[in-house]
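**Student:** Sharing a model prediction with you, sequence too.
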Amino acid sequence: MTPPQASPPGTPASGETLPAVSLRLETLKKRADFQRAARARRVAMTGFILQMYKRPDGDAQGMRVGYTCSKKVGNAVARNRAKRRLREAARLVLTHQGRDGVDYVLIGRRDHTATLPFDKLRADLETALRKLHGPAR
RNA sequence: GCGGAAGGCCGGAUGGCCGCGACGUCGGGCAACCGGUGUCGAGGAAAGUCCGGACUCCAAAAAGUAACGGUGCCGGGUAACGCCCGGGCAGGGCAACCUGACGGAAAGCGCCACAGAAAUGAAACCGCCAACGGAGAGGUCGGGCAACCGAAACCGCCCGCGGGCAAGGGUGAAACGGUGGGGUAAGAGCCCACCGCGCCGCUGGCAACAGCGGCGGCAUGGCAAGCCCCACCGGGAGCAAUGCCAAAUAGGGAUCGCGUGUCGCAAGACAGGGCCGCUUUUGCCCCAGCAGAUCCGGGUUGGCAGCUAGAGCCUGCCGGGCAACCGGCGGGCAAGAGGAAUGGUCAUCGAACCGGAGCGAUUCGGGGAACAGAAUCCGGCUUACAGGCCUUCCGCGCAU
RNA sequence: GCUGCUGUAGCUCAGGGGUAGAGCACUCCCUUGGUAAGGGAGAGGUCCGGAGUUCAAAUCUCCGCAGCAGCA
């Protein structure tokens, strides 16, 4: 999985100083990445649970996002809809406020992810990001 | 107008902005890729995975057969089906129409609890009947004025013995044809009529079957979604199949099987052995310290193909057919993801539903769409589903 | 996606056409100074749901609904 591409040792691996630059979103696909994020810091909101894993310095650059909607969320329609709304929220928020070198995982919740007003969902994501970015040091 | 039956269709619409997936194309870049642009992008059930196929692998195929499984009125349609169409029969409905796992119980085995006399070649609990024997309280007969005594031909009762009968009773889901009449000691298909049943013949039909006639004289209780018999069909596994590339690990261990002939220098040939349950035929493999089978352990949880044009769907005309469907000519449509694309938002219009006004047509405000998301692909079935539209038909009521 | 298996008392399971059972747990009583163990008595069921076959279905058949497992 993800062979290390050995970024130049001189590069400062801090994406934390450039929040205004819009970053490309890469989708998380490997099971191992999800499991690693699941052990990391998290914050729960009404519409979702956000997990954030800071990859070690020297790893590949770029921000990655994963989405998880298990069978607990509902049937196939509810799961897909929840995933799409999370994806749209991530596109609007994380491209501006996300950080480089970080894996985010958004987990859908039963009933709320698919029905919450989108503005609320988006605002919650911003709040959750502040909580995770703030005290983490 | 009210109530109902059948078949078919739709199942939110239009537009703007920002995004997503696939393919094509243009530009930039050595390349990874980036940017622009065009086209296409969920369903009637995409679902359940219940049937049938295509396709792939198990080495391939044919014939027969055993076991196992499936189907089950008849005929047709189809690549095939447990599907569809038409017909028959049975049941339901006033009708339109609907429903039906609908072969065989006189090949065999098995089961039929409880109750009941008896649960299937009948038997006989209560009961019915005549004869015989007994008894002698009643009627009766004889005697006597009467109390009473006696008799046993008749009527009825009681007891006994061996017979005849199965109509009636009661039990049960079911009791060895039903109803009526004759008949008899009492009864009984014992006889007769009708109905049912069975057999035979004729007619109609490809057939299931129907109609008519004759005969039999009741023999044939139910269950085959119990075993079974008969007819027909079926090899197994599944796209996470399967093939290829790359990476990685210790090419590890255990069990089973063969242990090998003749000719030939050899190649090979012939025996022999093995290979989808078995047999046969064709075919393929083996002859070595090995190759084979099964299992355990270890590694990888990457990429590409399979992967979307096929018995395809829709439709116009013509032809065949009652129809399902088939044939011909023409037109149109047709997603291909892979942690898995259809989303977000705004505007306009909007069905159900809720509230107000009105006798009502209607109108004002609120509200903002059911079940549900392609995962190899087709044909069906089944299940879920707010609401709406169209066509045909039936019954009742009113008018003519 | 594909393929299997299982649903019976609070829990673990029997029963495979004829009145629903066992063990543990629960309630009450006995025993003990008290508790456990032991003994006795008792309560507890839409047999996952709906149709069908049958006189009769937890059992046989069909259609659903849940839960669990396996397969790259």
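**Tutor:** Right, received. Where do you want to start?

**Student:** does stretch A:30-45 come close to RNA strand B?
**Tutor:** Yes: using C-beta under 7 Å from any atom of the strand, stretch A:30-45 reaches RNA strand B at A:30-32, A:34. Glycine gets a C-beta too; all of them are placed from N, C-alpha and C.

**Student:** Now do the buried residues in that stretch.
**Tutor:** Within stretch A:30-45, the residues that qualify as buried are A:33-34, A:36-37, A:42-43, A:45, counting by 16 or more other C-beta atoms under 10 Å.

**Student:** Got the phi and psi for the residue of chain A found nearest RNA strand B?
**Tutor:** Nearest residue of chain A to RNA strand B: residue A:118, at 2.9 Å (C-beta to the nearest atom of the strand). Main-chain torsions, residue A:118, degrees, to the nearest 10: phi -60, psi -40.

**Student:** re earlier: tell me which of the buried residues of stretch A:30-45 is nearest to residue A:108?
**Tutor:** If you rank those by distance to residue A:108 using C-beta to C-beta, residue A:45 comes first, at 11.5 Å.

**Student:** related to what we said a few turns ago, format the buried residues of stretch A:30-45 as CSV; extra columns: pLDDT and secondary structure.
**Tutor:** Below are those laid out as CSV (pLDDT from 0 to 100; DSSP: H, G, I helix; E, B strand; the rest coil):
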residue, pLDDT, secondary structure
A:33, 80, helix
A:34, 82, helix
A:36, 80, helix
A:37, 83, helix
A:42, 87, strand
A:43, 90, strand
A:45, 88, coil
